[in-house]
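Undergrad: Here is a sequence with its predicted model. Questions after.
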Amino acid sequence: MKTKKHQFIQLKLSQLIVNKEHYRHSLDRYLNKHLTNELEAIQKFCDKDNQYTLLKLMKSIVSNGFCKRKYFIITKENSNSDKYLVLDGNRRLTAIKILNDSNLVPNESKKIKKFAIRNQKILLKWIFGVWSISKKKTLRKK
């Protein structure tokens with residue numbers, strides 16, 4: 001019997017978690033600077049090394065809307081939770097979360113904070129994700 005490799009599901013924005021172990025933050029792991037929660041992961045996308053691409057994405061979302069054809073690849077955080085960890089699409093999720101709540105932006109990231117405050121609105125209440133990958137298989141260390 002074949003099992004489903006993925007399924008499309010509709011989630012609330014609050015159910016999606018920005019991945020603190022995202023590969024874009026991997027250099028920090030080598031420097032022994034581990035991110036401990038979602039807020040730190042969001043704020044890492046706002047730092048001087050990442051702010052240009054995040055701001056560009058935020059401007060695109062405000063101007064053109066959110067492209068619903070770009071699905072998030074997600075996995076259940078744990079079996080007892082209704083939360084999902086984003087494996088692919090963390091920058092998009094960060095942009096959407098910031099546009100919904102500018103308080104997530106650290107004060108040092110003035111351009112992002114200013115843009116988020118000016119354009120703050122509820123963009124999406126619901127997001128379609130693709131739950132397709134077992135966390136154990138995906139995040140396995142080699």
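TA: Looks like it arrived, so ask away. Residues are numbered from 1 along each chain as shown.

Undergrad: Strands along this protein, start to end?
TA: Counting by DSSP state E, one finds strands in the chain at the ranges 7-12, 16-17, 72-76, 84-88, 126-131.

Undergrad: Let me have these in TSV, adding mean pLDDT, mean neighbour count and distance to residue 50 as columns.
TA: Backbone N, C-alpha and C define where each C-beta goes, glycine included. Output for the strands of the chain, formatted as TSV (pLDDT from 0 to 100; neighbours: other Cβ atoms under 10 Å; distance: least, Cβ to Cβ, whole Å):
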stretch	mean pLDDT	mean neighbour count	distance to residue 50
strand 7-12	80	12	25
strand 16-17	92	21	18
strand 72-76	87	20	19
strand 84-88	90	21	16
strand 126-131	64	17	22
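
Undergrad: List just the one of these that sits closest to residue 108.
TA: Residue 108 sits nearest to strand 16-17 of all the strands of the chain, at 23.3 Å, using Cβ to Cβ.

Undergrad: Which strands or helices does the closest one pack on?
TA: strand 84-88 (3 or more Cβ pairs under 8 Å, 6 or more residues apart in numbering; DSSP states H and E).

Undergrad: Adding distance to residue 36, write the strands of the chain out as TSV.
TA: Formatted as TSV, the strands of the chain follow (distance: least, Cβ to Cβ, whole Å):
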stretch	distance to residue 36
strand 7-12	23
strand 16-17	13
strand 72-76	19
strand 84-88	14
strand 126-131	24
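
Undergrad: For residue 96, which of these is the nearest?
TA: Closest among these, using Cβ to Cβ: strand 126-131, at 7.8 Å.
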